[in-house]
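Student: build me a model:
(4 chains)
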4 protein chains.
Amino acid sequence: MIRFECDYTEGAHERILQRLLETNDEQTGGYGVDKHCEKARAYIKTACDSENADVHFLVGGTQTNTTVISSILRPHQGAIAAISGHIAVHETGAIEATGHKVLTLPSDDGKIRAEQVKKLYDAHRNDATFEHMVQPGMVYISQPTENGTIYTKSELKALSQVCRECDLPLFIDGARLGYGLVAMDNDASLADIAKLCDVFYIGGTKIGALMGEAVVIINDALKKDFRYMIKQKGGLLAKGRMLGIQFETLFEDGLYYEISKHAIDMAMLLQTALTKQGIQFLYHSTTNQQFPILPDRTLKALSEKYTFSFWEKVDATHSAVRFCTSWATNKENVEMLIQDIQALQ
Amino acid sequence: MIRFECDYTEGAHERILQRLLETNDEQTGGYGVDKHCEKARAYIKTACDSENADVHFLVGGTQTNTTVISSILRPHQGAIAAISGHIAVHETGAIEATGHKVLTLPSDDGKIRAEQVKKLYDAHRNDATFEHMVQPGMVYISQPTENGTIYTKSELKALSQVCRECDLPLFIDGARLGYGLVAMDNDASLADIAKLCDVFYIGGTKIGALMGEAVVIINDALKKDFRYMIKQKGGLLAKGRMLGIQFETLFEDGLYYEISKHAIDMAMLLQTALTKQGIQFLYHSTTNQQFPILPDRTLKALSEKYTFSFWEKVDATHSAVRFCTSWATNKENVEMLIQDIQALQ
Amino acid sequence: MIRFECDYTEGAHERILQRLLETNDEQTGGYGVDKHCEKARAYIKTACDSENADVHFLVGGTQTNTTVISSILRPHQGAIAAISGHIAVHETGAIEATGHKVLTLPSDDGKIRAEQVKKLYDAHRNDATFEHMVQPGMVYISQPTENGTIYTKSELKALSQVCRECDLPLFIDGARLGYGLVAMDNDASLADIAKLCDVFYIGGTKIGALMGEAVVIINDALKKDFRYMIKQKGGLLAKGRMLGIQFETLFEDGLYYEISKHAIDMAMLLQTALTKQGIQFLYHSTTNQQFPILPDRTLKALSEKYTFSFWEKVDATHSAVRFCTSWATNKENVEMLIQDIQALQ
Amino acid sequence: MIRFECDYTEGAHERILQRLLETNDEQTGGYGVDKHCEKARAYIKTACDSENADVHFLVGGTQTNTTVISSILRPHQGAIAAISGHIAVHETGAIEATGHKVLTLPSDDGKIRAEQVKKLYDAHRNDATFEHMVQPGMVYISQPTENGTIYTKSELKALSQVCRECDLPLFIDGARLGYGLVAMDNDASLADIAKLCDVFYIGGTKIGALMGEAVVIINDALKKDFRYMIKQKGGLLAKGRMLGIQFETLFEDGLYYEISKHAIDMAMLLQTALTKQGIQFLYHSTTNQQFPILPDRTLKALSEKYTFSFWEKVDATHSAVRFCTSWATNKENVEMLIQDIQALQ
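Tutor: Numbering: from 1, shown residues only, chains lettered A, B, ... in the order given. Model (predicted):
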């Protein structure tokens, strides 16, 4: 089987494995305070143009979202998110398990708008029974979104401004941040993101690392005692160096962007070819997740050779599915997929 | 001001206060194991035709919902409810605070249908990422609903059957159960309800008591250690007799039904009169909550003399509001309200 | 049976019941914002010499402790308490159920000392693995304690000072506060308590009310959004007036102190008489809980006529038990008990 | 610096890294259902002589303890543990964060005894206020313990028997299980452990792996929906193969035991030499953690060249410290340490 069902089907970028080998015999202290973690922190802060940020390394995305969100909210508060947001749908209630409601906003493309946040915030304040409802306590967005779309810089600015007006910390889930940063239509740099939000994370698991997410806390008010939170939520890796070494490798000379770019090239190759074949897409994604709408019989045939994710039925005979490319995607496989789809039309 | 904004604007039915006076000097043990609680339990079991039920007395509705639901669910499970359900909207995230998501279903009238439950249940089982999503663990409905509507016996039967097929305990929030039981179009008796669900509660706070809700656990599997849960959630009243005495009074000779009937009579008086005036209603409620749609200028004028709850804007110049009647509602006040509305048309 | 097993064996003080009768037909808004609650708040603030305090009414003690503590702590913090503290032993893990550890300190008499708090605080800061341990986040004490003892003003001052130095809010559980305030050896007034702690509560359930505890928040930083917390934890009583009317009655002209004094008189009567009989006590309690050490055969005989609480085995043939007096205790019953004990020696 | 402060100061065993390299380009599905995980499961089940067990791979110890314990307990239950147990002391309240109290038993050597469990269980059942206290819901022990000691097979049998009598699932934290299995005085095999407990885990992080713990669920009643729990608690690694490959390598031909043995040899080398020097130990540890009591001035001198963990002050001039050996410990370093200690006497 040739796998396109997600962006974590291979191990790690070879330079990361090489670095793990080279450093294997080094003795370091545990829990992320070793020299590799320190170097990785320095590289990331520079990349974010945020020397005062706190950078922490966690293992996975659900863990990171849970740790960040439960660290910010008071018990009566919830996190505003798109109805399709990862925390709202695909984390087995991890946020609720820490006591907090996810306050969902409708979204067709995975994004939420500044006006929606303001409206929900105002509605809460103006309702006579406001103390009987969960108070909005922060805003969670994903960049790129779960639908492959990306927020423009001006959209982020608008969200950021509303969040600051309403005193709602803005948290950006960057599980696939690299793929967003190098997308052709992206105009929000890492430094822009750092400037516009209160806390975000840079995903490693889906972009070249064995595992690992780098949380960047910009807002001073959110920094206090964050390591306690990581430990309590099970994310303080004993051999924290494993995370430091990986992010050091990804950020010391731009590897993160370089391999993200490869994934985008592969995704655009697929998108362009399928578009030429007259195929439509469920979302206008410029990143590594592509959602073509294909005949069910085509999908059935493809599924004997390729893996991909079913997304939703579109009509009686068509479904939208998700193909993911990644830093590891083989160009030959994408070309073969394109040809096979064409042959099945 | 004449108050119609909710059904808890007065103290308690005079017979309850009288009974509190009469028993005041009695010495009893604490925490709901006294003779008054025992008598009240017996009366309620008989009324429910459920001699094997466990009956517990708690103080308020949110507390009761939280205690029951957190007692039933495992950590990865959520409670299915209407999007307008009390636990979904008006309990400040109390369910989430115990770690559980409320899985909401759309509803126009406050009710959910058996097919909706089945569909959500099946969707969960059939999704490739089911372990990444909250598992449906029980179903919560209100009888009558937050919109004043009531489930027919056949609707309850259908829900009950689906719940049993899917191994989802069915919990009925009866904060206003009395008002539903005596509604003209109701065909589900207390015994029917007990037979069709796994656990429910009979509301006292809104029907004649100072406070208090009687939880009736039908399903043996849900009975174990429930008193620990009540204590942990802060609901094990030291002077538990206060609750026992009240429910004893309400159920020893039908007072609960009698005073519920008064509230319904008052609601129907209002509904009939306003309908005659050509006024429309947001929901077809046959219980003690009525939701007329009135001109905003009428509402403004009324609000100087009456209290009522704003519900929603209907169009540029009209809004739906809620008027509640109760066991304590004064007929003269309803008649005055009717006349005042007519005069303002 | 004549009951001494706790201080909540009767209903309410007759003036409270009378007041409930008088106000029963009044219409008020719900949730504790009615005029009775407002009056009660004013009386309590005056009694505490704390015009800037926030006063909230909750239903019971476990609920109050849970609501206050979970409102104050961040997720990685715990509450310091005596190993015999109510939250540590007798609330079915209610504090843990909100996510927080109770950090216990040893205590022989129910009290903890300022030095113990400082030592635990310092140990936490100086431990190399501090981030792997629960951070002390506040201090909880009871006045009087679960053992009937009371903190002197100078002990409270010392605790208060340490708490402020360490930035640990000090919370005083006053479930039996009245009984402490009028104890003969007490030198800490309500105003002193308000000055020395950050938040405390004045117990009603055990002192004349049907139920109810008045939370007094002194520290501005702890006031924000507290009503949300009450609602979420199930303590926002629909007919909040029930609590307001009771505290209004208790505090408008000193009834709270007066009836507390009666309980202390009865306790001292018992203590003095038993001491004369040569009986020893487990704790030196000057409040309404007395812990005599009696022969097991005496206890067996007494238990056919009286209820009391077993406390602990003291030696092969003796046990300590608890007798509680209260606002409602009948002097004749105490005298009979004294005589019966004497007769059984 | 030469590091002895813990057993996770290096990367991974070279064969593990080699295997990661070899498999790096393979495409597999995520979340632990790939062929490497399947193979690792099979090896572990065979090693445990438990073909019906469920085996799951998680990332770290705190995460594993939290996931297992919160999966087993109902809300009003707690986990019994030694006062020195990892969950009681060093997990930042992770268990409490899921709502459960840790019920601690005193212990001098890190172990708890069957009689202690029985006594606590009986005390709970016999207490008049049992519903006001946390109900014991399971037992947690570590093998070896946090003090380096190991339970004998007969001690485990006694615990197991009590647990079964009391219906308390027995969970064994095996973060350092390998080091216990090969200790000279150990008589409980992996198969014995599997037979005697309900669920346990085999630690990888401290024994040759980059990270990873293998949970083995023996009791059928505890198997249901465990993957949901892993996901919710943030432990379902996207590239689950990383864990599978590591455990496959450790268990396919006995590497786990072989490298555990090396650590024990190094620990015994140190213990024997220091004993010969007349040095005493805080605990009688036969595993890879050694707790010598040394003069503070010796420790000060050593700390310029070696890392180790301070444990506790023993008297005015001596302290107990912890030296850990591991699969990666260099014999020359141990010999140098021995000589340096001798020289400093």
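Student: residues in contact with the residue lying farthest from the centre of chain A?
Tutor: Distance from the C-alpha centroid of chain A peaks at A:A128, with 36.8 Å (Cα atoms, centre = their mean). Contact partners of A:A128, counting by Cβ atoms under 8 Å, 6 or more residues apart in numbering or on different chains, are B:S309, B:F310. In short, each C-beta sits where N, CA and C put it, glycine included.
Student: please enumerate the strands of the stretch 201-345 of chain A.
Tutor: A:213-217, A:289-290, A:293-295, A:306-307, A:309-315, A:318-324 (DSSP state E, counting those that start in this stretch).
Student: brain fart, the stretch 1-150 of chain A
Tutor: Using DSSP E, counting those that start in this stretch, strands in the stretch 1-150 of chain A cover A:2-3, A:54-58, A:77-82, A:102-105, A:135-142.
Student: do the fourth one and chain D meet at all?
Tutor: No. Under the criterion of Cβ under 8 Å from any Cβ of the partner chain, chain D is not reached by strand A:102-105; the shortest gap measures 13.5 Å.
Student: what pairs with A:V215 across the strands?
Tutor: In this structure, A:V215 bridges to A:H56, A:Y201 when assessed by DSSP bridges.
Student: my guess is it meets A:Y201, correct?
Tutor: Yes. The criterion here is Cβ atoms under 8 Å, and A:V215 meets it with A:Y201 at 4.7 Å.
Student: turn the strands of the stretch 201-345 of chain A into CSV, including mean pLDDT, mean neighbour count and distance to B:V139.
Tutor: Formatted as CSV, the strands of the stretch 201-345 of chain A follow (pLDDT from 0 to 100; neighbours: other Cβ atoms under 10 Å in any protein chain shown; distance: least, Cβ to Cβ, whole Å):
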stretch, mean pLDDT, mean neighbour count, distance to B:V139
strand A:213-217, 98, 26, 36
strand A:289-290, 98, 26, 34
strand A:293-295, 98, 18, 34
strand A:306-307, 98, 18, 35
strand A:309-315, 96, 13, 25
strand A:318-324, 98, 21, 30
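Student: picking that back up, mutual contacts of A:V215 and A:Y201, please.
Tutor: Counting by Cβ under 8 Å, 6+ apart, the residues touching both A:V215 and A:Y201 are A:L58, A:T64, A:V68.
Student: return only those of these found close to chain D.
Tutor: A:T64.
Student: could you dump the shared contacts of A:V215 and A:Y201 to JSON lines with pLDDT?
Tutor: Output for those, formatted as JSON lines (pLDDT from 0 to 100):
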{"residue": "A:L58", "pLDDT": "98"}
{"residue": "A:T64", "pLDDT": "98"}
{"residue": "A:V68", "pLDDT": "98"}
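Student: out of the shared contacts of A:V215 and A:Y201, who's nearest A:V314?
Tutor: Taking Cβ to Cβ as the measure, A:V314 lies nearest A:T64 of these, at 32.7 Å.
Student: thought that closest one was touching A:S71?
Tutor: No. With contacts counted by Cβ under 8 Å, A:T64 stays clear of A:S71, the gap being 10.7 Å.
Student: these two: which is more packed in?
Tutor: A:T64 (28 against 24; other Cβ atoms under 10 Å in any protein chain shown).
Student: and A:A88, what pLDDT?
Tutor: At A:A88, the model reports a pLDDT of 98.
Student: gap between it and chain C?
Tutor: From A:A88 across to chain C, the span is 20 Å (Cβ to the nearest Cβ, to the nearest Å).
Student: and that residue, what does it touch?
Tutor: By Cβ under 8 Å, 6+ apart, the residues touching A:A88 are A:A81, A:A82, A:V102, A:T104.
Student: got it, and A:E312?
Tutor: So A:E312 contacts A:L282, A:S319, A:A320 (Cβ under 8 Å, 6+ apart).
Student: can you pull out the helices in the stretch 101-250 of chain A?
Tutor: Counting by DSSP state H, counting those that start in this stretch, the stretch 101-250 of chain A has helices at residues A:114-126, A:153-165, A:177-181, A:190-196, A:226-232, A:241-251.
Student: now render these as TSV, adding mean neighbour count and mean pLDDT.
Tutor: Below are those laid out as TSV (neighbours: other Cβ atoms under 10 Å in any protein chain shown; pLDDT from 0 to 100):
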stretch	mean neighbour count	mean pLDDT
helix A:114-126	15	96
helix A:153-165	18	98
helix A:177-181	29	98
helix A:190-196	20	98
helix A:226-232	24	98
helix A:241-251	27	98
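Student: closest to chain D out of those helices?
Tutor: Closest to chain D of these, according to Cβ to the nearest Cβ: helix A:226-232, at 4.0 Å.
Student: look up the pLDDT of the closest residue to A:L274 other than its chain neighbours for me, please.
Tutor: Nearest residue to A:L274 in three dimensions, chain neighbours excluded: A:P292, at 5.3 Å (Cβ to Cβ, 6 or more residues apart in numbering or on different chains). pLDDT recorded at A:P292 is 98.
Student: where does the stretch 201-345 of chain A get nearest to chain B, which residue?
Tutor: Here the stretch 201-345 of chain A gets closest to chain B at one residue, A:F310, 6.6 Å apart by Cβ to the nearest Cβ.
Student: contact partners for that residue?
Tutor: A:L299, A:S319, A:V321, A:R322, B:A128.
Student: dump these into JSON lines; add distance to C:Y43 as well.
Tutor: Below are the contacts of A:F310 laid out as JSON lines (distance: Cβ to Cβ, whole Å):
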{"residue": "A:L299", "distance to C:Y43": "73"}
{"residue": "A:S319", "distance to C:Y43": "68"}
{"residue": "A:V321", "distance to C:Y43": "68"}
{"residue": "A:R322", "distance to C:Y43": "65"}
{"residue": "B:A128", "distance to C:Y43": "63"}
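Student: what is the nearest of the residues you listed to chain D?
Tutor: Nearest to chain D among the contacts of A:F310, with distances taken as Cβ to the nearest Cβ, is B:A128, at 10.3 Å.
Student: please tell me the pLDDT value assigned to the closest one.
Tutor: On the pLDDT scale, B:A128 gets 89.
Student: which residue is the nearest non-sequential neighbour of the one residue in the stretch 1-150 of chain A that gets nearest to chain D?
Tutor: Nearest residue of the stretch 1-150 of chain A to chain D: A:Q63, at 3.1 Å (Cβ to the nearest Cβ). Nearest-residue entry for A:Q63: D:G234, 3.1 Å, with adjacent residues in sequence omitted and distances by Cβ to Cβ, 6+ apart.
Student: I am finished for the moment; much appreciated.
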